[in-house]
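# Fold the following.
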Amino acid sequence: MKIEQIYTGCLAQGAYYITSNGEAAIIDPLRETQPYIDRLKKDGVELKYIFETHFHADFVSGHLDLSQKTGAQIVYGPTAQTAFSCITATDGQEFSVGNIKIKVLHTPGHTMESSTFLLFDETGKEYCIFSGDTLFLGDVGRPDLAQKAASLTQEELAGMLYDSLMNKIIPLPDNVIVYPAHGAGSACGKKMIKETVDTLGNQKRTNYALNQPSKEAFIKAVTDGLLPPPAYFGFNVAMNKSGIDSFEKIMNKGMQPLSPNEFETIAEETGALILDTRTNKDFYRGFIPQSINIGLDGDFAPWVGAMIIDVSQPILIVSDLGKEEECITRLSRVGFDNIKGYISGGFDAWLTSGKTADVADRISPAEFVGLFNKETDLLIDIRNESEFSAKHVEGAVNKPLSNINNWIKDVNPDQHYYIYCAGGYRSMIASSILQARGYRNFTDISGGFNEIAKTEVTLSAFSCKSNTISNCL
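Modelled structure (predicted):
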């Protein structure tokens, strides 16, 4: 028996590849299937089942492509309804893969069909669970994503999740290994730890959700402080239920090199969003007007999903040379399939063609300290609320980047603003969005809070004393 965790850091997502005696199973596969096909060929095994722990909201699964290419059957838990052929398992149903068995434990709460897969090794011993979004390391799945479809409140779903954990997971032996679907950084939970594998016994001891004194306390703990889910989550669920174009088709369509003139024409004719995936340090020095900067070097796909509301939005790509395929791959993972092409030769080609470029106003922390006037200037901290509450520049107001589509309407075009995040990645996303919507009355601080906090003035006059989150601009 071999179990391999295939972890994708950008999505904080774990897929699993399991082999035994010539047969294989894959759990929660990513959209691009070739890496799995390559593994199967290398190991000389036949893919028998593709297990899905639930209808994923944060990424598009490769289950259909993989099934069509290998003949493997797709397995969902009880109550799952799809537009394609699959096995809707019953609670307790077992599936053989070589000399091992995988048992379906129906664990609703995150979603109604959510299931945990319990693996028995060759000796029949309970060896590990693939817990999906039911149990994370340090947390449990958020219970608010399926409330509309299930016609239940998040509190009712949280109650179901509690029952699932207490009745199906907690009774398992402490030495059972936990393989979750996500780790720290995923929007599917709020307190996940950085580790991606643990024992169930350790989770029983350390996971705050598993240590609540009552069902009522559990419901309150897991529903408290939930941020609104990213806009693309609902689109991804629908795509995973109904089926999608193959990854190869999306790649072929998107990998279209365009001259600056062709690029400009398509942008004007289709209203395509120009997505510049270069680093924020390169972007601010020069970019195609109206571009939105979401750097490939950060949490690219989740931020695209959070910032671009509609996955059907036409997109044109500006990237570093040789990074175009990676851009399209990572966009497809979260359902952004309408890629019209990329500018051949990158931003340099735009410049050499003589076309107009734009720049963003960015200064160093030292310059900020010398220029900032608390009496006349406003300072916006676009980190999330927990980061802001822990420590921030005195006098700053908290406006998280994830909510920019809500708070941007409150920006006074006659007032000057300074903007910062933790390190400069998110603040340049915000700057590019503001600039694309006609705002020029702001200055971004390079290096963000991490660098501002190193300045002498920040440590004294601008010391981080207040924990109050202001809601006014």
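# And Val97, how far from Ile50?
According to Cβ to Cβ, to the nearest Å, Val97 stands 11 Å off from Ile50. Yep, even glycine has a C-beta here, placed from its N, CA and C like the rest.
# try Cys86
9 Å.
# Any regions of this protein where pLDDT drops low?
149-150, 456-473 (pLDDT under 70).
# residue nearest the centroid of it?
Centre of the chain computed as the mean C-alpha position; nearest residue by Cα atoms, centre = their mean is Pro302, 3.5 Å away.
# Can you name the element that comes right after the strand or helix carrying it?
Taking DSSP states H and E as the definition, one finds Pro302 inside helix 300-307. On the C-terminal side of helix 300-307, the nearest following helix or strand under DSSP H and E is strand 315-318.
# picking that back up, I'd say the residue nearest to the centre of the chain and Cys10 touch.
Yes - between Pro302 and Cys10 there is a contact under Cβ atoms under 8 Å: 7.3 Å.
# sorry, back to before: next, show the common contact partners of Val97 and Ile50.
Common neighbours of Val97 and Ile50, using Cβ atoms under 8 Å, 6 or more residues apart in numbering, are Ala25.
# what about Asp121, how many neighbours?
Number of residues near Asp121 (other Cβ atoms under 10 Å) recorded here: 15.
# surely it meets Tyr127?
Yes - with contact defined as Cβ under 8 Å, Asp121 counts as touching Tyr127 (4.3 Å).
# which neighbours do those two share?
Common contacts of Asp121 and Tyr127 (Cβ under 8 Å, 6+ apart): Ile100.
# pretty sure Lys215 contacts Tyr162?
Yes - under the contact definition of Cβ under 8 Å, Lys215 touches Tyr162, with a separation of 5.0 Å.
# Those two: which has the busier surroundings?
For Lys215 versus Tyr162, the count of surrounding residues by other Cβ under 10 Å is larger for Tyr162: 23 against 13.
# Would you check how far apart the residue located most distally from the centre of the chain and Gly395 are?
Summary for the chain: using Cα atoms, centre = their mean, the residue whose C-alpha lies farthest from the chain's mean C-alpha position is Glu375, with a distance of 38.5 Å. Between Glu375 and Gly395 the distance, using Cβ to Cβ, works out to 10 Å.
# just the strands in the stretch 1-150 of the chain please.
In order along the chain, the stretch 1-150 of the chain carries the following strands (DSSP state E, counting those that start in this stretch): 2-8, 13-20, 23-27, 46-51, 73-76, 87-88, 94-97, 100-106, 115-120, 126-132.
# Those into JSON lines, with extra columns for distance to Asn236 and mean neighbour count?
Listed next are these as JSON lines, based on distance: least, Cβ to Cβ, whole Å; neighbours: other Cβ atoms under 10 Å:
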{"stretch": "strand 2-8", "distance to Asn236": "15", "mean neighbour count": "15"}
{"stretch": "strand 13-20", "distance to Asn236": "12", "mean neighbour count": "23"}
{"stretch": "strand 23-27", "distance to Asn236": "18", "mean neighbour count": "24"}
{"stretch": "strand 46-51", "distance to Asn236": "17", "mean neighbour count": "23"}
{"stretch": "strand 73-76", "distance to Asn236": "16", "mean neighbour count": "21"}
{"stretch": "strand 87-88", "distance to Asn236": "20", "mean neighbour count": "16"}
{"stretch": "strand 94-97", "distance to Asn236": "26", "mean neighbour count": "17"}
{"stretch": "strand 100-106", "distance to Asn236": "22", "mean neighbour count": "20"}
{"stretch": "strand 115-120", "distance to Asn236": "18", "mean neighbour count": "25"}
{"stretch": "strand 126-132", "distance to Asn236": "15", "mean neighbour count": "24"}
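# And these: which comes nearest Phe287?
strand 2-8 (27.8 Å; Cβ to Cβ).
# any idea of the angle the closest one forms with strand 13-20?
If you take axes from the mean of the first three to the mean of the last three Cα atoms, to 10 degrees, strand 2-8 sits at 160 degrees to strand 13-20.
# Which other helices and strands does strand 2-8 contact?
Helices and strands in packing contact with strand 2-8 are listed as strand 13-20, helix 34-43; criterion 3 or more Cβ pairs under 8 Å, 6 or more residues apart in numbering; DSSP states H and E.
# packing partners for the longest one?
Taking 3+ Cβ pairs under 8 Å, 6+ apart as the contact definition, the neighbouring helices and strands of helix 34-43 are strand 2-8, strand 13-20, strand 23-27, strand 46-51, helix 63-70.
# And the ones you listed: which comes nearest Ile177?
Ranking the helices and strands packed on helix 34-43 by proximity to Ile177 (Cβ to Cβ) places strand 2-8 first, at 8.5 Å.
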